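# have a look at this fold, sequence not included:
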């Protein structure tokens, strides 16, 4: 069962050449996600009806039962398949305190979207700088996805996933911080709070049904 949360908070605006906010564009992936949610809702209702008719439990008991099943099987990445462009990755659980040795930490398996069709849309830079903006988009998306699924990526994780050195990741994080954006890595998670000014927008997008990948997919240039 999908729980309502005020996160992710890492939303960046991007303007197209015509001045249209990219945030308002509806992508195939967002439509697919909405269709998938509707299918799961209908299937859940069917399972509840079958539970009531087949076992004689009350509708309330059936709802609790199905919610528990969904919580276990539909949110755990171990029971989900990564689609094209995604990967499963093991990272430190967000419940672990900073400074604790990784060897002693509980790990979380998360599904990260490394490649999306819209990644290269409306890049504001040209030539070699476009690759920097593209990396920023992916960095924000996968850190947001990891946190949404109960994990936190470290700078070393990001270096491995995005195939660049740790110094590059640190530089990217510093550039984003200068723009008022705190990247939710394991090392910076405690800094998230007043410095992030996109809370209201994040809440609105989440209530509208946007997926984490939709919320964190935009360019980082002001």
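Received it, and whenever you're ready, just let me know what you need. This structure is a prediction, so every number in the text was calculated from the model and none was measured. Numbering: from 1, shown residues only.
# which other helices and strands contact whichever strand or helix holds residue 110?
Residue 110 is located in strand 107-113, with elements delineated by DSSP states H and E. For strand 107-113, the packing partners by 3 or more CB pairs under 8 Å, 6 or more residues apart in numbering; DSSP states H and E come out as strand 86-93, helix 128-148, strand 151-152. Every C-beta, even on glycine, is put in place using the N, C-alpha and C of the backbone.
# include mean pLDDT and distance to residue 64 when you put these into CSV, please.
CSV is the format used below for the helices and strands packed on strand 107-113 (pLDDT from 0 to 100; distance: least, CB to CB, whole Å):
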stretch, mean pLDDT, distance to residue 64
strand 86-93, 91, 26
helix 128-148, 88, 24
strand 151-152, 92, 27
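# nearest to residue 118, out of those?
helix 128-148 (9.0 Å; CB to CB).
# show me what counts as buried in that closest one.
Across helix 128-148, burial judged by 16 or more other CB atoms under 10 Å covers 132-148.
# would you mind measuring from residue 134 to residue 95?
From residue 134 over to residue 95 the distance is 32 Å, taken as CB to CB, to the nearest Å.
# where along the protein do the helices fall?
28-55, 59-73, 128-148, 155-162, 166-178, 199-207, 212-215 (DSSP state H).
# which of these comes out lowest on mean pLDDT?
Per-stretch mean pLDDT for the helices of the chain is lowest at helix 199-207 (a mean of 46).
# contacting residues for the residue lying closest to residue 165 once chain neighbours are set aside?
Sequence neighbours aside, residue 159 is the residue nearest to residue 165 in space, at 6.0 Å (criterion: CB to CB, 6 or more residues apart in numbering). By CB atoms under 8 Å, 6 or more residues apart in numbering, residue 159 lies in contact with 165-166, 168-169.
# looking at these, state which has the most neighbours.
residue 169 (24 neighbours; other CB atoms under 10 Å).
# would you confirm that it contacts residue 162?
Yes - between residue 169 and residue 162 there is a contact under CB atoms under 8 Å: 7.2 Å.
# who touches both of these two?
residue 139.
# contacting residues around the nearest residue to residue 102 once chain neighbours are set aside?
In this structure, residue 102 finds its nearest non-sequential neighbour in residue 92, 6.2 Å apart by CB to CB, 6+ apart. Residues near residue 92 by CB under 8 Å, 6+ apart: 102, 105-108, 151-152, 154, 186.
# closest one to residue 175 among the helices and strands packed on strand 107-113?
Across the helices and strands packed on strand 107-113, closest to residue 175 is helix 128-148 (CB to CB), at 7.5 Å.
# just to revisit the earlier point, and of the helices and strands packed on strand 107-113, who's closest to residue 55?
Using CB to CB, the nearest of the helices and strands packed on strand 107-113 to residue 55 is helix 128-148, at 33.9 Å.
# show me what the closest one is packed up against.
strand 107-113, helix 155-162, helix 166-178, helix 212-215.
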